[in-house]
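# Curious how this folds, go ahead:
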Amino acid sequence: MFGDLFEEDFSFISNNHCGKGKKSKPRDSEPPAPRDFTKLSGIKNQGGTCYLNSLLQTLLFTPEFREALFSLGPEELGTLDDSSKPDAKVRIIPLQLQRLFAQLLLLDQQAASTTDLTESFGWNSHEEMRQHDVQELNRILFSALETSLVGTSGHDLINRLYHGIVVNQIVCKECKNISERQEDFLDLTVAVKGVTGLEEALWNMYVEEEYFENENLYRCGACDKLVEASKSAKLRKLPPFLTVSLLRFNFDFEKCERYKETSCYTFPIQINLRPFCEQTEMDDSEYMYELFSVIIHKGGCYGGHYHVYIRDVDELGNWQLQEEEDRLIEDKALRDIENAKEIENPLAVLKGILAEEESKQIPVDQLGQKLLEEKGVSWNKKYRKQYGPLRKYLQNHPQIFQFSPDENKVGLKEKHKLPFKSDSQGQDFQSSPQKNDVQWNSEKNPTRLRDGSAGCHWFDLNDSKVQPIKEKDIEKQFQGKESAYMLFYRKSELKRPPEARGNPRYQIPEHLLNEMNAANTELQKKRAECDSANNGIDLHLHLSSCYKFHNGALHPSLTWKESVVDLTIDRRKTLGDLRQSVFQMLESWEGDMILSVAKSLPAGLHLYQILDGDELTLDGIGLADGADLFVWNGKEVGGTKVMTGPDHEPVVINVLRLAEYNEGGKGQHFTESQHVFSCSTKVADLHTALAPSGGIILKNGSGLDKEAKNWEVFREEDMKETVKSVGLTDGCSVLILDSHDQSFVNVSSGNLTAFTYDISWLQVKNFCRTDGDEKHIKITATIETVMSDIKRKAIRELQLEEELANDSCLRPISGNGKLLSP
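Got it, this is the predicted structure:
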């Protein structure tokens, strides 16, 4: 299931598991994001490795484990640089684990990658995408580490920290002979179904006895016969770190299917294991454990997601936001007490109250109520938040006060109270749990965790995401589809050295410190480069001295390269910074300097708004990468006043006219030229500039498509509109028709009716003149043109008397110049 996790074989000879024969994976072009405000690093999910990430974070935040791992130097483990050498003894798994831990502690990135570690396992991409069970991985990873560390000073690392012993005993009722069998464990697997919490499950396993009686008898080896006997189990040796696996997944034999147990299952922050141990005479500290990690499974029995709640024992992360909130609540509660009635000598008052209770432990809130009543302060709901400060006060005097395992109740220690029948822990082991003041029925009395003001530095590590949580948030994982799956406890007596607090560099080997320092330097360099690339914008500065204004737009008087200066600047800088940079580049500039946004249009360069507000950032005023800026005095260029803004944009219009006879190529009936007009030009002015007297203008909204059906005549009412308002933009075409060509237009519809046929040019000679001066004109016509229209056009163009219209006729001329019949 876990690939080659064991295949770091007993010879310890590296077979270069780290990517041998594999193509290197593509690296992201941008450096990883830095850590967020928590100052802790997450772990990237490779596709289905959330269970691995949760376990690795738990091991990292087990300081004794990581420091023991870091204590193994290159002389014992070898180096990763030698992993490709055929005969090098390189223990790759612990080396990659060391390196990953160093990255998680020191490398300034939001999430570390486990790719190198999983490759050292021998996993392929299929294994990385496949989700496994975290409880199984825990055992297999420990086994792989033990195998890899054989022959080193860390050979007993796992046993030293996690190994415990359970002893199973069968006691003969007749001869009292005890038959026992020891079992080693690295983690305890406890039932979830049918029990309400961890304490009850442990009670069933290590306090309750099983009896052999009636037909179910035990064969005693000493008596050599079947006898009545009792069977029990006890914890003989407790490890420094106790791992508890919860049996959330079960099999329904009636339905023949697996299912997840989602009922409420409580577990305490602190637990006293004395009732479950074989030896009970040691000091309390030997039995007290504190919860520091909860691996959580969200989903069903066939899939889901893992994340982990972890207590940051060394306070490496930043939990300040949550801490500050709780501190304010706590301070307010203390002020409420002080304002109500000052309590003098609270220690003596508290001891007196608890002494009256004789053997009983009482709830902390009840003690708070009695404390206020003692000083004449009436109990009110607003004092409920006093539990936090009161609890802390009691915890600061451990030599006097003793808490119950769940810390909800408190009493006096033995030497501070009157003698009574049983101690504060209720250690009458032959009694049922309910008789020992321990409530196992969580539905009636659920296990309460310490309030949010105690036990700070809890974090939710969910793959790449890390966020602070309150300790009371753990209660949400007691039940449901998202619930606790593995619990990790550490002995309360394990104290951390002061120099380890808030110091992620503590006990990390020098070579790893150097590697992480170099990696952080490289990361800072890449982030600076990336920041510059992401925020740097290239601006093109067009200098007015290199431009001239003609035909409605600006044009370079030199080459483009000589007329434009490129400038790269950070978009977060201000307009004032930009102006200063331009002044420094153009040392010879005199007078006012105005920066205008420019845009290259088909007609040429056009200017828009003037940039104003030197305190504004370039990003704030909307300057984008590649923007064009025109540097000028804001008035004129080369002595010519320049109109700016969108209302004066120059528009390039294609102007078409009917071609003369033999003008243009075969089948081409138009001549074409380009003219530039301001978009604010009136259509009437356009008509005056382009059309002769009596001519008309037609527009074609489809650009260069000269199909007759797409042409529309500008009517009289259009003359007051502007070029922009009638929809003429760059590339639009207008057709100019002289007065004698207007027969092609259907005036009633305003549409062009010709040009779908071939146009002919007819030469008309005037034979009506008496002065002998023959005048020739050309008339356009198609096969659909009627003769009367040709005659009328000819008389108009020849400027003949109107009376000749009825007395004249059109006669064809033969090839030899002879007039033919009309």
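# going forward, measure contacts and count neighbours with C-alpha atoms only.
OK.
# so what's residue 729 scoring on pLDDT?
If you check residue 729, the pLDDT there is 89.
# so what's it up against?
Residue 729 sits next to 651-653, 679, 723 when contact means CA atoms under 8 Å, 6 or more residues apart in numbering.
# Residue 277 and residue 570: what is the separation?
68 Å (CA to CA, to the nearest Å).
# one step back: mind giving me the ChimeraX select for the contacts of residue 729, buried ones only?
Remark: buried members of those, expressed as a ChimeraX selection using 16 or more other CA atoms under 10 Å:
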select :651,652,653,679,723
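# Could you check the pLDDT of residue 217?
In this model, residue 217 is scored at 89, pLDDT.
# which secondary element of the chain has the worst mean pLDDT?
Every helix and strand of the chain was ranked by mean pLDDT, DSSP states H and E. The lowest is helix 125-129, at a mean of 49.
# After that helix, heading C-terminal, what element do we hit next?
helix 134-148 (DSSP states H and E).
# From the contact counts, what lies against that next one?
For helix 134-148, the packing partners by 3 or more CA pairs under 8 Å, 6 or more residues apart in numbering; DSSP states H and E come out as helix 50-60, helix 92-106, helix 157-162.
# Output those helices in a markdown table, with mean pLDDT, mean neighbour count and distance to residue 40 appended to each entry.
Formatted as a markdown table, the helices and strands packed on helix 134-148 follow (pLDDT from 0 to 100; neighbours: other CA atoms under 10 Å; distance: least, CA to CA, whole Å):
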| stretch | mean pLDDT | mean neighbour count | distance to residue 40 |
| --- | --- | --- | --- |
| helix 50-60 | 94 | 23 | 11 |
| helix 92-106 | 95 | 23 | 7 |
| helix 157-162 | 95 | 17 | 25 |
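# is it possible to export those to TSV including distance to residue 675?
Output for these, formatted as TSV (distance: least, CA to CA, whole Å):
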stretch	distance to residue 675
helix 50-60	68
helix 92-106	67
helix 157-162	87
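# Give me the domain ranges for this protein.
As recorded under the TED database, the domains making up the chain are 42-158+462-522, 159-283, 348-411, 531-641, 647-751, 757-821.
# would you list the ones you listed in CSV and tack on distance to residue 36?
Shown next, in CSV, are the domains of the chain (distance: least, CA to CA, whole Å):
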stretch, distance to residue 36
domain 42-158+462-522, 7
domain 159-283, 28
domain 348-411, 29
domain 531-641, 17
domain 647-751, 49
domain 757-821, 75
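# closest one to residue 308 among those?
Taking CA to CA as the criterion, residue 308 comes closest to domain 42-158+462-522 out of the domains of the chain, the separation being 5.4 Å.
# avg pLDDT for the helix ranked longest in the chain?
Longest helix in the chain by number of residues (criterion: DSSP state H): helix 510-535. Here helix 510-535 scores 92 as its mean pLDDT.
# Can we start the residue count at 41 from this point?
Okay, residue one is now 41; in that scheme the one you just asked about reads as helix 550-575.
# Counting by contacts, list what that helix packs against.
Counting contacts by 3+ CA pairs under 8 Å, 6+ apart, helix 550-575 packs against helix 132-146.
# Skip ahead from the helix it packs on and say which helix or strand is next.
Next helix or strand after helix 132-146 toward the C-terminus (DSSP H and E): strand 151-152.
# Could you check how far the helix or strand that that following strand is followed by is from the centre of its chain?
Per DSSP H and E, the first helix or strand lying C-terminal to strand 151-152 is helix 155-161. How far helix 155-161 lies from its chain's middle: 24 Å, per CA atoms, centre = their mean, to the nearest Å.
# Give the burial count for the closest residue in space to residue 720 that isn't next to it in sequence, as a bare number.
The shortest distance from residue 720 to any non-neighbouring residue, by CA to CA, 6 or more residues apart in numbering, is to residue 762 (5.3 Å). A total of 19 residues lie near residue 762 under the criterion other CA atoms under 10 Å.
# Equivalent analysis for the one 4 residues further on, please.
Using other CA under 10 Å, residue 766 is surrounded by 16 other residues.
# burial count for the nearest residue to it once chain neighbours are set aside?
Leaving out its chain neighbours, the residue that sits closest to residue 766 by CA to CA, 6+ apart is residue 758, at 7.6 Å. Around residue 758 sit 15 other residues, with neighbours defined as other CA under 10 Å.
# ditto for the one 3 residues further on
Counted with other CA under 10 Å, the neighbours of residue 761 add up to 14.
# Hmm, residue 74 is touching residue 146, no?
No. Counting by CA atoms under 8 Å, residue 74 does not reach residue 146; the two are 11.3 Å apart.
# Name every sheet partner of the strand ranked longest in the chain and say whether each one runs parallel or antiparallel.
Ranked by residue count, the top strand of the chain under DSSP state E comes out as strand 328-340. According to DSSP bridges, strand 328-340 forms sheet pairs with strand 310-312 (antiparallel), strand 343-351 (antiparallel), strand 522-531 (antiparallel).
# Counting neighbours, what do you get for residue 629?
Using other CA under 10 Å: residue 629 sits among 13 other residues.
# ok, now which ones touch it?
Shown in contact with residue 629 (CA under 8 Å, 6+ apart): residue 623.
# how close does it get to residue 581?
Distance, residue 629 to residue 581, using CA to CA: 14 Å.
# now residue 227
Taking CA to CA, one finds residue 227 at 71 Å from residue 581.
# And the longest helix of the chain, what's buried?
For helix 550-575, a neighbour-count test (16+ other CA under 10 Å) marks 552-553, 556, 559-560, 563, 566-567, 575 as buried.
# Now do the strands in the stretch 191-340 of the chain.
204-212, 218-225, 228-231, 250-252, 258-260, 265-267, 269-277, 281-287, 289-292, 297-300, 310-312, 328-340 (DSSP state E, counting those that start in this stretch).
# Just give the number of residues close to residue 674.
Residues near residue 674, counting by other CA under 10 Å, number 17.
# That one: what's it in contact with?
Remark: with contacts taken as CA under 8 Å, 6+ apart, residue 674 is in contact with 633-635.
# 6 Å instead?
residue 634 (CA atoms under 6 Å, 6 or more residues apart in numbering).
# Next up, identify which helix or strand it is on.
Following DSSP H and E, one finds residue 674 outside all helices and strands.
# now residue 431
According to DSSP H and E, residue 431 maps onto helix 427-435.
# Tell me the first helix or strand C-terminal of the longest helix of the chain.
Of the helices and strands lying after helix 550-575 in sequence (DSSP H and E), the nearest is strand 576-583.
# Can you name every helix or strand that that following strand contacts?
If you count contacts as 3 or more CA pairs under 6 Å, 6 or more residues apart in numbering; DSSP states H and E, strand 576-583 packs onto strand 604-610, strand 668-672.
# Of all those strands, which one is nearest residue 645?
strand 668-672 (9.2 Å).
# Just the CA coordinates for that closest one, please, in CSV.
Extracted as CSV, the C-alpha positions of strand 668-672 are listed here (Å, rounded to 0.1, in the frame of the first residue of the first chain):
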residue,chain,number,x,y,z
ASP,A,668,2.3,55.8,-24.0
LEU,A,669,2.9,59.2,-22.4
PHE,A,670,3.5,62.4,-24.3
VAL,A,671,5.9,64.9,-22.8
TRP,A,672,5.1,68.5,-23.8
